[in-house]
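Peer 1: Got a predicted model here, sequence first, then my questions.
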Amino acid sequence: MWRELKRKSGITLIALVITIIIIIILATVTINFTFGDGGIIEKAEITKNIAANSIIKEQEDLNALSQQYTNWIAEDSTPQIPLTLEISESHTTSSITINIDTNSEEELTYEYYVNGELKATSNELTHTENITLESEDPYIPSGFRHLEGTVDTGYVIQDINLMNEFVWVPVKGGIYDVNVVAKKSDGSEVARSNELTIEISELKRGEMEGVTYSNWTEDEGDINDKKSIAYFKHSVAVNKGFYMGRYEMGMPGQQSGDEPELSLTYEARNITGVPVCVPRVMPWTYIDWSTAKSNIESMYNGEVQSAMLNSYARTTTINWFKATGQGAKWNSPSSCGIYQFGYGLDFDGTTYRGNCVIYDNHTLSESEDKFDNYTNLYGVTEGGLLSVQIDTGGDTNPSKRNSVNNIFDLGGNASEWSTERKIDGTGYRISGGSFVDNPALSTDIDHPIIRAGTTGSFEISSRPILYK
């Protein structure tokens, strides 16, 4: 029994040993086949690299084929037609005429777009589009408040801190983006023009009698310079208006009725400073053109810009007076800065002198207060009459001052330097009449006076305008 069990046990051990040996042999072969030279891993890596290279090659072939197709299309297609637009305005407020300059020798159809809207389709190289300019409500700059008045009667804003006052002058305007698309008869697009932006407004500059603007500076400045006329015109077209100074440029600290702190001389008053635009102060006279311009521009340089009055602003303001039914009032000397206070004088239209006119031997009562003491400051005797320059607007004894749409003395009291100057530098323009001028000149659309700008005068001041 034991021998039989022993024999069976030995057979099992030998089988186990043989099995282990076989496993070892198989493991060795498997490891060598997998990781050895030419094994599965190496072959897999080679296969992966071959596949990657194949993908790269395939992409390169596709790119080459695509480029070949693109080149073929470009060679086979019609060349791009260089279209340029030259815009002329048959009327600055009513229409735009679009002219096309092209080198195309085939007949094309042109689509005319204005502000992204298709306006016309034509075979013609020109198209006229009627437009309607629009108006907008006044904007109120930061730090200002609405003081009084309406858009039609004179919308007045006031600087909350500095008390400067300006009146909104509405100007209809518009911004128009124009472009043209050229197409073949099958409707396929051939070329697209550049886009041209056109700014149009009702700003208008009156001509000066006897003087053509060809003799004056035509360079209106850089559109990026907020102090330039070019930027002012851009602002008006965008914002549909601007603010006119309600009063003439005033000298700070020189209140009506006060004795002057500075002598009435060019040397004393032609100085750097920040003007005011408030009632009942002394008009800043005895100041030359360049100093007045620089001083006014220093008033505001932020959200809004101040600048010296220009002829566009003045003419447009006067046109606004007439459009609101104030033409007769504007043409009345006592409404625009030429005042007579009724001392029994018989004025025939030729004896006005810019402002207050009285007999030089008239004794002023204490209540008349010598027109707030300005009789002593600015008095010119001529032909038995005394002409007197008084303060910047407001109530002045013995009569209430007049204004047109809440703007005071635009045609009188002091004449006003404006931006335009002659090309050769020999003359600078002043607008409006002064208290020593004939009133007919004061109410003219643009007073054609040329003066040397290198020295100031007792009768010339200026006026600020304000715009975004």
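Peer 2: Looks like it came in fine.

Peer 1: Could you list the low-confidence segments of the stretch 351-468 of the chain?
Peer 2: 351-388, 394-401, 425, 437-453 (pLDDT under 70).

Peer 1: domain ranges for this structure?
Peer 2: 2-76, 84-217, 241-467 (automatic domain parsing).

Peer 1: now the strands: where do they sit in the stretch 251-400 of the chain?
Peer 2: For the stretch 251-400 of the chain, the strands defined by DSSP state E, counting those that start in this stretch cover 281-283, 305-308, 356-359, 379-382, 385-388, 395-396, 399-400.

Peer 1: In terms of secondary structure, what does the second one contact?
Peer 2: Meaning strand 305-308. helix 289-297, strand 415-421, strand 464-467 (3 or more CB pairs under 8 Å, 6 or more residues apart in numbering; DSSP states H and E). Placement of C-beta: from N, CA and C, glycine included.

Peer 1: Who does the shortest one pair with, and is each partner parallel or antiparallel?
Peer 2: Its sheet considered, strand 464-467 pairs with strand 241-245 (antiparallel), strand 305-308 (antiparallel) by DSSP bridges.

Peer 1: Among these, which comes closest to I56?
Peer 2: Evaluated with CB to CB, the strands paired with strand 464-467 place strand 305-308 nearest to I56, the distance being 61.2 Å.

Peer 1: got a list of contacts for the closest one?
Peer 2: 226-227, 231-232, 292-293, 296-300, 417-419, 462-468 (CB atoms under 8 Å, 6 or more residues apart in numbering).

Peer 1: Generate a PyMOL selection restricted to the buried entries among those residues.
Peer 2: To isolate the buried members of the contacts of strand 305-308 in PyMOL, using 16 or more other CB atoms under 10 Å:
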select buried, resi 226+227+231+232+292+293+296+297+299+300+417+418+419+462+463+464+465+466+467+468
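
Peer 1: follow-up on the earlier one: looking at the helices and strands packed on strand 305-308, which is closest to F144?
Peer 2: strand 464-467 (9.2 Å).

Peer 1: neighbouring contacts of the closest one?
Peer 2: 141, 166, 232, 235-236, 239, 242-245, 249, 275, 277, 296, 299-300, 304-310, 313.

Peer 1: hey, where'd the helices end up in the stretch 101-250 of the chain?
Peer 2: 229-239 (DSSP state H, counting those that start in this stretch).

Peer 1: go on, the stretch 251-400 of the chain?
Peer 2: So, for the stretch 251-400 of the chain - with DSSP H, counting those that start in this stretch - the helices run 266-269, 289-297, 311-323, 327-330, 333-336, 369-373.

Peer 1: The longest strand seen in the chain: which residues count as buried?
Peer 2: Counting by DSSP state E, the longest strand found in the chain is strand 173-183. Within strand 173-183, the residues that qualify as buried are G173, G174, Y176, V178, N179, V180, V181, A182, K183, counting by 16+ other CB under 10 Å.

Peer 1: Skipping adjacent residues, who's closest to the second one in space?
Peer 2: Excluding its sequence neighbours, the residue lying closest to G174 (CB to CB, 6 or more residues apart in numbering) is L133, at 4.9 Å.

Peer 1: And the fifth one, by the same measure?
Peer 2: By the measure of CB to CB, 6+ apart, the closest residue to N179 outside its immediate chain neighbours is E195, 4.4 Å from it.

Peer 1: Check I460 too.
Peer 2: Nearest to I460 is S415, by CB to CB, 6+ apart, at 4.8 Å.

Peer 1: For the closest residue to L108 other than its chain neighbours, give me its contacts.
Peer 2: With sequence-adjacent residues excluded and distances taken as CB to CB, 6+ apart, L108 is closest to A182, at 4.7 Å. Remark: with contacts taken as CB under 8 Å, 6+ apart, A182 is in contact with 81, 83, 102, 104, 108-111, 189-193.

Peer 1: Could you rerun that using 10 Å?
Peer 2: Counting by CB atoms under 10 Å, 6 or more residues apart in numbering, A182 touches 80-81, 83, 100, 102, 104, 106, 108-111, 189-193.

Peer 1: and it, how far is that from E107?
Peer 2: Counting by CB to CB, to the nearest Å, the gap from A182 to E107 is 10 Å.

Peer 1: now swap in G241 and tell me
Peer 2: In terms of CB to CB, G241 sits 46 Å off from E107.

Peer 1: Among these two, which residue is more densely surrounded?
Peer 2: G241 (26 against 8; other CB atoms under 10 Å).

Peer 1: circling back: would you check how far apart the residue nearest to I460 and G456 are?
Peer 2: When S415 is compared with G456 (using CB to CB), they lie 11 Å apart.

Peer 1: Mind listing the shared neighbours of these two?
Peer 2: Residues touching both S415 and G456 (CB under 10 Å, 6+ apart) are T285.

Peer 1: about what we covered before: show me what contacts the residue nearest to N179?
Peer 2: L85, Y113, G116, D177, V178, N179, V180.

Peer 1: In a markdown table: those, plus distance to S263 and pLDDT.
Peer 2: Formatted as a markdown table, these follow (distance: CB to CB, whole Å; pLDDT from 0 to 100):
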| residue | distance to S263 | pLDDT |
| --- | --- | --- |
| L85 | 59 | 41 |
| Y113 | 64 | 93 |
| G116 | 62 | 94 |
| D177 | 57 | 93 |
| V178 | 58 | 90 |
| N179 | 62 | 88 |
| V180 | 65 | 89 |
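
Peer 1: among the helices and strands packed on strand 305-308, which is nearest S95?
Peer 2: strand 464-467 (26.3 Å).

Peer 1: contacting residues around K226?
Peer 2: Taking CB under 10 Å, 6+ apart, one finds 232, 234-235, 297, 300-302, 304-307, 467-468 in contact with K226.
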